[in-house]
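K.L.:
Below are the sequence and a predicted model; questions follow.
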Amino acid sequence: MSAILSATDGLGSLRTFVLRSDEERTPVLPWLSAARDENALYIVLHVHDSVAVRHDGDEVVLKPDDMGFCDAGLCDSPRFGDQFRMTVFRVPRRRLDVADSDLRRVMGVPLGCEEGTGALVSGFLSALASQTAFHRTHIGYRIARNAVDLLAALVTEFVEGEQANSSGIGAQTPSRIRAFIELHLTDPDLSPESIVLAHHISVRCLHKLFQSEGTAARQRVS
């Protein structure tokens, strides 16, 4: 699947890229270009159709309205559906003012943005990317700084929520996944990808959760 990429540098340190399907042109993706910034983070906001981004060897499946944080050095070329569209934001790590240990925890994890902080951040970023009148203006730069602060808040919320649930996640998540598998056992579309989409985890996380399970359980998520 080919694609077309358009970009803007009119928001200071925050750069935006719009990636959409195209039958004739194949872009050099921002995190794969020779000019990529190894000290930058790429935030993918998926808008339409299906897309899977391979990050650190793990395929992360995003559905519309999901968001994902990617490290430039660990991201490969995405696998797209026929009519996809997504917006990519590039921001220097230092601008986020978030600990590297916290950033590593959120990397490659699909974040659902249907409600709460995720919905607020994705809505703000989407509006900012589309409002070209703000680009290259003093107000636009100030708004872009606010966008970076919102991204940092989203990372902080994710990490704090993960820490709060860490004591019960080992028992609760596999239990929910097992129930989901049993419910959809006769569904021909049941696959690791459909399971991770339903539970907002990565394929690697899915397999890790079931490493200690029996052979039959591991086969169902393979």
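P.N.:
Right, received. Where do you want to start?

K.L.:
Tell me which stretches of this protein form strands.
P.N.:
Using DSSP state E, the strands of the chain run over residues 3-8, 15-21, 40-48, 51-55, 58-62, 66-71, 79-80, 85-92, 111-112.

K.L.:
what's the distance between the helix ranked longest in the chain and the middle of its chain?
P.N.:
Longest helix in the chain, counting residues (DSSP state H): helix 138-183. On the basis of Cα atoms, centre = their mean, to the nearest Å, helix 138-183 sits 11 Å off its chain's mean C-alpha point.

K.L.:
and of the strands of the chain, who's closest to residue 209?
P.N.:
Nearest to residue 209, of all these, is strand 58-62, at 13.4 Å by Cβ to Cβ. Every C-beta, even on glycine, is put in place using the N, C-alpha and C of the backbone.

K.L.:
What are the contacting residues of the closest one?
P.N.:
44, 46, 50-54, 68, 79, 86, 108-110, 193, 196-197, 202-204 (Cβ atoms under 8 Å, 6 or more residues apart in numbering).

K.L.:
Just the buried ones out of these, please.
P.N.:
Neighbour counting by 16 or more other Cβ atoms under 10 Å classes 44, 46, 50-51, 53-54, 68, 86, 108-110, 196-197, 202-204 among the contacts of strand 58-62 as buried.

K.L.:
Verify the stated contact: residue 158 with residue 109.
P.N.:
Yes - using Cβ atoms under 8 Å, residue 158 makes contact with residue 109 at a distance of 7.4 Å.
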